[in-house]
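**Student:** predicted model and sequence follow; I will ask about them next.
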Amino acid sequence: MPRRYDAKRFDIQHLRATAERCKNWGRWGPNDEAGTLNFISPQEVVDAGRLIRKGKTFSLGLNFDRSGPQRGLWGNRFNPIHTMLATGTDAVSGNQDAGKLRYADDMVSLPLQCGTQWDALGHIFYGDKMWNGYDARLVDSNGAQKNGIDKVKDRMAGRGVLLDVARQLGVDCLEDGMAITNDDLDAAARAQKVEIRRGDFVIVRTGQMEQRLARGDWGGYAGGDAPGLAFETSEWIYRKEIAAICTDTWGCEVRPNETDDASQPWHWVVIPMIGITMGEIFYLKELAADCAADRVYEFFFCGPPLPITGAVGSPINPMAIK
């Protein structure tokens, strides 16, 4: 088994100093609402398309249904509620014949961050500000007037890279509470012979989702203890100038957190200060197996959000294409 990370405990002063060092406000002008997605140039999208060689596609989305991970541990999130508005039973019974069309129709009710999803830049505040220095009060009962997920509906495509940290460390799943360090990320990249480049969608595998699915019990997956990115990786993300960071866990960062002074301290820095788009609850089993088989850990990635005006998150079915 790999070592459990000897957590570098820190206080609010260290958090705030890190936030200032990683601050990207104004980097793309005073009106920017896309953050690090600006690192993706048109040429980089073209180059990413050239990574498609086998025509093999992988869905990285967990099915949206009542068997999802939400078990009431965090806020008001619940699993999707799928309701049929019209059914084949209605049709065969003749209830629809007056309209001269037999059909099925349905609806779904769900928190936008209950399953595989993007966190929008309006999701987390640093004090009374959000990404690019916008006032947090611009997210009100009508939604996000700035930094809504709809502002980046055409920006989620480019080069994807899988960093399979669990496989690199020789385990099926990292232990809950194990923090993935900068060295772990770099070691995985070296072992996989893949370079992290500006504008990449970096996807980190811990194995936690696969473990819970195999067990048939989510347990505390959504809000409880978990392996995840150490707080120090916020500076790795800043230096690497990646476009987005994603994992197969509920919240990307390690839980329990490495400080008692803030909840989800890594979120405090990466979303409102760095301006990075974050993907959570990614399903990686088949992609990881294929990458291990052919030793190719880069691919074309696309994961457009639902363009819900003013939303601070969006469910997605992201795709990796090799």
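**Tutor:** Yep, that arrived. Numbers count the residues shown, from 1 in each chain.

**Student:** could you pull out the helices for the stretch 151-300 of the chain?
**Tutor:** In the stretch 151-300 of the chain, the helices defined using DSSP state H, counting those that start in this stretch lie at 165-168, 182-192, 208-215, 233-240, 265-269, 285-294.

**Student:** and the stretch 1-150 of the chain, by the same measure?
**Tutor:** Secondary structure of the stretch 1-150 of the chain (DSSP H, counting those that start in this stretch): helices at 12-21, 42-49, 88-92.

**Student:** right, and those - which one's nearest residue 256?
**Tutor:** helix 12-21 (15.4 Å; C-beta to C-beta). C-beta here means a position set from N, CA and C on the backbone, and glycine is covered the same way.

**Student:** counting neighbours, which bits of stretch 92-112 end up buried?
**Tutor:** Judged by neighbour count using 16 or more other C-beta atoms under 10 Å, the buried positions of stretch 92-112 are 96, 110-112.

**Student:** among the residues you listed, find me the one that's closest to residue 238.
**Tutor:** Of all these, residue 238 sits closest to residue 112, with 26.7 Å by C-beta to C-beta.

**Student:** contact partners for that closest one?
**Tutor:** 306, 308, 311-315 (C-beta atoms under 8 Å, 6 or more residues apart in numbering).

**Student:** could you do residue 207 as well?
**Tutor:** Counted by C-beta under 8 Å, 6+ apart, residue 207 has contacts 166, 171-174, 248.

**Student:** neighbours around residue 256, how many?
**Tutor:** 13 (other C-beta atoms under 10 Å).

**Student:** what's around residue 293, how many residues?
**Tutor:** With other C-beta under 10 Å as criterion, residue 293 counts 8.

**Student:** ok, the residue nearest the centre of the chain - contacts?
**Tutor:** With distances taken as C-alpha atoms, centre = their mean, residue 279 lies nearest the centre of the chain, 0.9 Å away. The contact partners of residue 279, taken as C-beta under 8 Å, 6+ apart, are 116-119, 201, 203, 244-247, 303, 316, 318.

**Student:** dump the residues you listed into JSON lines; add distance to residue 221 and neighbour count as well.
**Tutor:** Formatted as JSON lines, the contacts of residue 279 follow (distance: C-beta to C-beta, whole Å; neighbours: other C-beta atoms under 10 Å):
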{"residue": "116", "distance to residue 221": "13", "neighbour count": "26"}
{"residue": "117", "distance to residue 221": "14", "neighbour count": "27"}
{"residue": "118", "distance to residue 221": "19", "neighbour count": "28"}
{"residue": "119", "distance to residue 221": "17", "neighbour count": "24"}
{"residue": "201", "distance to residue 221": "23", "neighbour count": "28"}
{"residue": "203", "distance to residue 221": "18", "neighbour count": "26"}
{"residue": "244", "distance to residue 221": "21", "neighbour count": "29"}
{"residue": "245", "distance to residue 221": "19", "neighbour count": "28"}
{"residue": "246", "distance to residue 221": "16", "neighbour count": "26"}
{"residue": "247", "distance to residue 221": "12", "neighbour count": "28"}
{"residue": "303", "distance to residue 221": "21", "neighbour count": "25"}
{"residue": "316", "distance to residue 221": "18", "neighbour count": "23"}
{"residue": "318", "distance to residue 221": "19", "neighbour count": "25"}
